[in-house]
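Take a look and give me a structure for this.
(chains A, B and C)
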Amino acid sequence: MLSFTVRKLLTVVGTMLGIAVLTFVITNVAPGDPARLVAGPNATEDMVETIRSEYGLDQPMVTQFAIYMKDLVSGDLGTSIVSTRPVLDDLLRYAPATIELVLVAMTLGVIVGVPLGMLSAVYKDGPVDHFTRILSISGVAIPAFWLGILLQLYFSVDLGWLPVSGRLPLVTRPPEMITGSLLIDSLLAGNLKTFNTALSHMILPAVVLSFPCLASILRVNRAEMIEVLQSDFIVAARAHGISSRRIVVIYALKNALLPTLAMIGLRFGWMLGSTVLVETVFDWPGIGLYAVSSALASDFKPVIGVTLLIGFFFIIANTLVDLAYAWIDPRLRRA
Amino acid sequence: MSAPLLDIKDYTLDIATFDGPVHVLKGINLSVNRGDTLGIVGESGSGKTVLVRSVMGIGPSNSAVEGGQITFDGQDITRLDPKGWARIRGIRISMIFQDPMTYLNPLFSIGQQISDVMAAHERAAGEGGSTKGARRARTVDLLDQVGLPNPASLYDQYPHQLSGGMRQRVLIAMALSGKPDLLIADEPTTALDVTVQAQVLDLIKSLVDKLNLTVIMISHDIGAIATIADRCAVMYKGEIVEQGRTADVLREPQHEYTRQLLSAVPDIEAKPARTAVAAACRERQPDAPATLLEAINLKKLFKTQSGGEFSAVSDVNLSVATGEIFGVVGESGSGKSTLARMLLRLIEPTSGNVVFAGQNITGLTGEPLRQIRRHMQFVFQNPHSALNGRHTIGDAVGEPLRIQTRMSRREVEAKVEALLDIVQLPKLFKYRYPHELSGGQKQRVCIARAIALNPRLLILDEPTSALDISVQAQILEFLQQVRAEFNLTYVFISHDLAVIRQICDRTIVMKRGEIVEHGNTEQIFTSPRQEYTKALIESGRKTSRAATLQAS
Amino acid sequence: MSNLEQTAGRPLAFRERHASQLRQLRLYSQMFRGSFSSMLGLTLVVIFLILAAIGPYIVPFPDDIRGAVHMGSRLLPPSSEHWFGTDEMGGDIFSRVIAGARTSLWIGIVITGLGALVGVPLGVIAGYKGGWIRACIMRVTELFLAVPGLALALAIVASLGPGLTNCMIALAIVWWPGYVRLVEAKTLSIKEELFVESARSIGARTPWILWHHILPNCMSPIIVKMSMDMGMAILAAAGLGFIGLGAPPPAPEWGAMVSVARSYMPDWWWYSFFPGAAIFLTVLGFNLLGDGLRDILDPRSRTR
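Next up is the predicted model:
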């Protein structure tokens, strides 16, 4: 088990290095001229040159790469042109909002998706199954930003139940930052009012973000359950008189959970990527919105920073999924 | 005499398919009394598995009972609801399955799976749950009873840590955990090695005697049926063609099909009348070398997952004379398939040499290797996967011609038809796909493919073990004909000693990658030197003895 | 075989020679027609394809596609004249949404096509060859898969600069690894099949095996994935368009239309509703179609 963990850690480090190289290649080998992009369309040739030397873009590629990697290792991700702050500071400021949103959305997706998938597999071709099938197909097909707008229209504008956007209203003082999650921090501070406000802001973005994820978790879990329920060892368990409920909830679910876990890992990454859309729709002050506004301003250092950070989160999530795999499947435990 | 425990009357079952309903079971009549041991013999597709699964209410989906009924202990169970089944399945009727590999849940420990079954039975019987510790003790007891070593430590192990034979014992323990009135065994030994088969059969036999079980056992292996069952029924195409006392049925088969089936079982005791094919072949090809194929110190190491090395074949020497049939016998894991593939360079040997017709082919690559492959061909064990499902039979048979010769499309077509003719298949088959053919037909196609280039050597890797007994007999006979016609030399790999004795001139016996015995086939059979060889022959005798009762 | 004698003299009719394929086709079409969702998917996709082909010639206001300005008819609600209402320039949204089909089809074909064109050969080679070639290909693939697609695409567009072409390039770059992974896994399992070994034993060269044995057996999942990906690529491109990195405004691109429409919320709801619905229905169509194809092509779900 120890060597397993050590190997996983090495993979994480290796993949991070790989992503660093990838981002470097994207920004520097791409045919676009970063200096000109930064300078904007109306810049003179001189201004472009100034920016070029300022960014070290006139150096040979290898030197640039060495500098890039050295900065990266020391935690220097460059400076944002728009906010004029170091990118790392910005990321630390915006990341908690995104993490909170993604975790809430993922929890929502799992606790709704897994049981629903199980139910529709057991009652295959029944009413529940038809409902979940429509849900799962439309969930993957619906554009997140459009769904967000529709929900805003209905729940915020028409019904007035939930706030349109943002994480907290400007007038509400955020609780003292402990974990970075407004929900937890406000509870820790004993401030229920702030908690409720934060929660009401959270609901719509979390639902929109989790919907496609819920749909595919449901879908995979349903398909796997159906297949497992037809497998030989389930037939044997039935033949040996084990009750249907135990077969479904204990025996089959555990087997079906393995592929579902893989989907959860995959969808985690997808969710992190989708934050750029959902955070834009809901003005959620996270790294997704930060990346989008920087990209629109041709400020590419923050975009790279966000890419690296999202990659890092994704790797962590995948590693956790791998560990969960080994925990469930005894065949993997030996290695 | 009281009413029978299980009574099946005029039971008829259909399965709906795209091409219309298929009558899987037709008017089955069968009854089993308490204490009976009934064997059901039949080949694949005879409907025997569907029949016993219907008895347990786990028959195939999209099937419909067209008529008749099944009565168990006075209760009609033909169309029972799930609640009713919950009181019978696993508790009063229990089952041992065919393939122990797939019938245990890989994610739960052995002990948990068995004690779960116990708990379910206690609930169903309304006994109230016994403690976890008590169930554990009983489970360990059961594991001990089915002859598993270290039952206490086995409790916490997972299925993947056990061998096939051990898993089958676990499944037997599971089936016995509820003290069932009726035990159904569905080909309990088919997936196991021959020597393990004998052990598991002995175990079932001793348990039947000790616990006075009522048993229905289905098998295609007449030897297994004869060991266990006092009475037997023969199934063919969804019907029971014959039933009676096992000894009677075997001694004086009434139905034509039973007679065919029994005569198709190769007789391990019979001294084959060997034709002088080898000599004739050498006569016709005087310039051919006496030794066609030679292996010198052939060795293959595989890396295991844990980084260690595992020697699949170690220091094997053999030489195959032109025109002979050279037998290789061994159980799974003996390295016989690896050896066969090395002879053809489908697997690279770790060290050693292969000499074909005087030419060392070990170092060959590229074009020379391709050229040498014209002369040596392989027939695979499983014809179902040896043919690409997306190619027509014509494509499959024509493929070697298109790869190795410059024949035009028209010539290939003509040759394909000729080849299909040789393997006694209609020409029309070239437009068919493999999944439309039966196993025996597919194996014929594979043979046609192998002889398309007029090779000198055929390596046959268990060519009949995936086929039914009656088909096996046809294919074996056919292989003999082809050999005579094309002057072929065979390397014949098999685990079935009766087949080996029937056709092989010389034989080697392999165990764990090494040759433990070699020599003239007759000599090996009449005076085996190794214990292992003796055990193999003994387990082979069971089947053969049962089938040849009529002769004695 | 009694008909063997009968047919020996004359050449076989097409129907006789291809009886097997015909039966297979009949089976497929029956299974496909039996499923409501598959037929719905097919219908949506066919409508989409027709609109993409002839849309610009049948729309009521062809000029509005390229952003003609009619200040008099700005932001009108849906009516008999303007079915989907008008936008802030007075353009007919119905015409623009229909014209968007062609843009989306183009996006889908380019991204999916490039992805498959690059990914499938790499996947087959990686799976069949093994060794260091596989290690290299798979490492790079995993690297690309280690960053969520949309985030990576955003970074690429940011460094290339916004625009529809750059969007497609970026998405194609993040799309191919999916094909490598799918095809590699499939190849690995097909490689173990006896018929591949059988082909090797008769002396087939590697390209022959890849082309005649591996690739045909990989086709089903590839077709299913390509059908699904047509939808997903359109969705992703619409997402980039929504952010504002896609086609610049007057171009009839659905994502960009929703993006502009967002500032006219909530009073002019139809502006964002109809382009979004078009994206949804198109993606839904391709997903349902892919699903239906999987049901008939995947041997796991095939009964007979």
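
What are the buried residues along stretch B:530-538?
B:532, B:533, B:536, B:537 (16 or more other Cβ atoms under 10 Å in any protein chain shown). Where C-beta positions appear, they are placed from N, C-alpha and C, glycine not excepted.

Format the CA atom coordinates belonging to that stretch as PDB.
Provided in PDB are the C-alpha atoms of stretch B:530-538 (Å, rounded to 0.1, in the frame of the first residue of the first chain):
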ATOM      1  CA  GLN B 530       5.700 -41.100 -14.400                       C
ATOM      2  CA  GLU B 531       3.100 -40.800 -11.700                       C
ATOM      3  CA  TYR B 532       1.700 -37.700 -13.500                       C
ATOM      4  CA  THR B 533       1.200 -39.600 -16.700                       C
ATOM      5  CA  LYS B 534      -0.600 -42.400 -14.800                       C
ATOM      6  CA  ALA B 535      -2.900 -39.900 -13.200                       C
ATOM      7  CA  LEU B 536      -3.700 -38.300 -16.500                       C
ATOM      8  CA  ILE B 537      -4.500 -41.700 -18.100                       C
ATOM      9  CA  GLU B 538      -6.500 -42.800 -15.100                       C
END
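
Straight-line length of stretch B:356-376, end to end?
Using Cα to Cα, to the nearest Å, the end-to-end distance of stretch B:356-376 comes to 9 Å.

Which residues does it contact?
Contact with stretch B:356-376 is made by B:288-289, B:292-294, B:343-345, B:349, B:352-355, B:404, B:453, B:455-459, C:201-203, C:205, as judged by Cβ atoms under 8 Å, 6 or more residues apart in numbering or on different chains.

Keep the residues you listed, but drop any that are not near chain A.
With Cβ under 8 Å from any Cβ of the partner chain as the criterion, the contacts of stretch B:356-376 include none near chain A.

Show me those that map onto strands.
Here DSSP state E is the test, and the contacts of stretch B:356-376 give B:292, B:293, B:294, B:352, B:353, B:354, B:355, B:457, B:458, B:459 as lying in strands.

Residues of the stretch 101-250 of chain A that sit close to chain B?
Applying Cβ under 8 Å from any Cβ, one finds that the stretch 101-250 of chain A approaches chain B through A:231-244, A:246.

now, which of those residues sits nearest chain B?
Comparing those against chain B with Cβ to the nearest Cβ places residue A:241 closest, at 2.5 Å.

isn't that closest one right next to residue B:123, touching?
No - using Cβ atoms under 8 Å, residue A:241 makes no contact with residue B:123, being 9.2 Å away.

Those two - which one has more neighbours?
residue A:241 (26 against 17; other Cβ atoms under 10 Å in any protein chain shown).

What pLDDT does the model give that one?
pLDDT, residue A:241: 79.

Just confirm it is within a helix.
No - using DSSP: H, G, I helix; E, B strand; the rest coil, the assignment for residue A:241 is coil, not a helix.

Got phi/psi on it?
phi 90, psi 20 (degrees, to the nearest 10).

count of neighbours near the residue lying closest to it once chain neighbours are set aside?
Nearest in space to residue A:241, with sequence neighbours left out and distances taken as Cβ to Cβ, 6 or more residues apart in numbering or on different chains, is residue B:90 at 2.5 Å. Using other Cβ under 10 Å, the number of residues around residue B:90 comes to 27.

quick one: contacts for residue B:90?
A:238, A:239, A:240, A:241, A:242, B:117, B:120, B:121, B:178, B:180.

how far away is it from residue B:103?
13 Å (Cβ to Cβ, to the nearest Å).
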